[in-house]
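*Asks:* Sequence and predicted structure, then a few things I'm wondering about:
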Amino acid sequence: VVASAIELGYRHFDTAENYENERGVGDGLRDSGIDRADIWVTTKFNRRWHAAPAEGLKGNLQRLGLDYVDLALIHWPNPDQDRYVQAWEGLIELRAQGLARAIGTSNFTPAHLTRLIDATGVAPEVNQLELHPYFDRPAERAFHAAHGIVTEAWSPLGRGNGLLDEPLVTGLAGRLGVTPAQVILAWDVVQGIVTIPKSSDPGRLAQNLDVFDVGLTDADVAALSALTASGIEPVDPERFGH
Ligand code: A2P
């Protein structure tokens, strides 16, 4: 999958200790022969490393077979153990050492982010969170914009929650001559949201990359965002290891 993704033009790879995909992605990148400087690799460490972030990131790098990552994220705030400020202080140091070019968080709320910023004066560069038209997170995105934090969407296609069969989405797809997934990914792209659709199918990999010229209007974007009001439950991230 990594080899065919690179062939198609993908350059951004999202991994995590929890996903158990670091070895496979690292091998795929090496086998492809692509120049390290031409790819962007993200990874995330788990709760057990909040108190030992240097050790955590060292494990990520070993599994990936890389000497730095482009982006290292705290995978989850794990408020029950209340060590995410310590994890963040560690990532700031690891960025200074060059082991992570950029640092950020995943699944942090504005309250968690405020605590990091108050404690260290340093905002995450990215916060990766569940985000799609059924769950468009306006409060979180406004907070990110106010603090220069890039918003990144995980499970952008809604992970089987019916989004791709939603009549508004299929109607737009028909009008624009694209697939429902391309409508959703274009909704991310035109709003400046970084997104990481996952597919192991070569045809879907190709269509998910071809989303920069779909032709959504501002009214289409607003209509898609209004699906959030329809009250579909977001997925439970804990269940999927996010
Ligand atoms: P597949 O690998 O068979 O393409 P998530 O990122 O939320 O986990 O969702 C990924 C899921 O969405 C995968 O099951 C993937 O299946 C499916 N998927 C990815 N791209 C598309 C697409 N363009 N159209 C329909 N389903 C897709």
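*Replies:* That came through, no problem. Numbering: from 1, shown residues only.
*Asks:* What strand or helix carries the nearest residue to Val178 once chain neighbours are set aside?
*Replies:* In this structure, Val178 finds its nearest non-sequential neighbour in Val214, 5.4 Å apart by Cβ to Cβ, 6 or more residues apart in numbering. From N, CA and C alone the C-beta is placed, and that goes for glycine too. Here Val214 is covered by no helix or strand, with elements defined by DSSP states H and E.
*Asks:* Would you enumerate the residues in contact with Val214?
*Replies:* Taking Cβ atoms under 8 Å, 6 or more residues apart in numbering, we find Val214 in contact with Leu176, Val178, Gln182, Val183, Ala186.
*Asks:* let's see it at 6 Å
*Replies:* Leu176, Val178, Gln182, Ala186 (Cβ atoms under 6 Å, 6 or more residues apart in numbering).
*Asks:* Next up, phi/psi of it, please.
*Replies:* Dihedral angles of Val214 (phi, psi; degrees, to the nearest 10) stand at phi -80, psi -30.
*Asks:* One more: the one 5 residues further on?
*Replies:* As for Ala219, its main-chain torsions (degrees, to the nearest 10) stand at phi -70, psi -40.
*Asks:* could you measure it against the ligand, distance?
*Replies:* For Ala219, the distance to the ligand equals 24 Å [Cβ to the nearest ligand atom, to the nearest Å].
*Asks:* So for that residue, what pLDDT did the model give?
*Replies:* pLDDT, Ala219: 98.
*Asks:* burial of it, as a residue count?
*Replies:* Ala219: 8 surrounding residues under other Cβ atoms under 10 Å.
*Asks:* chain center to stretch 25-42: distance?
*Replies:* 18 Å (Cα atoms, centre = their mean, to the nearest Å).
*Asks:* what about it, how long is it end to end?
*Replies:* Chord length of stretch 25-42, first to last residue, is 11 Å (Cα to Cα, to the nearest Å).
*Asks:* Stretch 98-116 now?
*Replies:* Stretch 98-116 has its terminal residues 21 Å apart, counting by Cα to Cα.
*Asks:* can you list contacts of that stretch?
*Replies:* With contact meaning Cβ under 6 Å, 6+ apart, stretch 98-116 is reached by 44, 57, 68-77, 88, 91, 94-95, 124-129, 143, 237.
*Asks:* taking those one by one, which sit in strands?
*Replies:* Lys44, Val69, Asp70, Leu71, Ala72, Leu73, Ile74, Val126, Asn127, Gln128, Leu129 (DSSP state E).
*Asks:* Let me know the helix or strand that the residue lying farthest from the centre of the chain is in.
*Replies:* For the chain, the largest distance from the centre (Cα atoms, centre = their mean) belongs to Arg175, which lies 28.6 Å off. Element membership of Arg175 [criterion: DSSP H and E] is helix 167-176.
*Asks:* Can you list the helices and strands that that helix packs against?
*Replies:* Applying 3 or more Cβ pairs under 6 Å, 6 or more residues apart in numbering; DSSP states H and E, one finds that helix 167-176 contacts helix 180-190.
*Asks:* The next helix or strand along the chain from the helix it packs on: partners in the sheet, and parallel or antiparallel?
*Replies:* As assigned by DSSP H and E, the chain's next helix or strand after helix 180-190 is strand 194-195. According to DSSP bridges, strand 194-195 forms sheet pairs with strand 150-154 (parallel).
*Asks:* how about the partner strand as PDB, C-alpha atoms only?
*Replies:* Extracted in PDB, the C-alpha atoms of strand 150-154 (Å, rounded to 0.1, in the frame of the first residue of the first chain):
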ATOM      1  CA  VAL A 150      -3.300  23.500  12.400                       C
ATOM      2  CA  THR A 151      -6.400  21.400  12.500                       C
ATOM      3  CA  GLU A 152      -6.000  17.900  11.300                       C
ATOM      4  CA  ALA A 153      -8.900  15.500  10.800                       C
ATOM      5  CA  TRP A 154      -8.700  11.800  11.600                       C
END
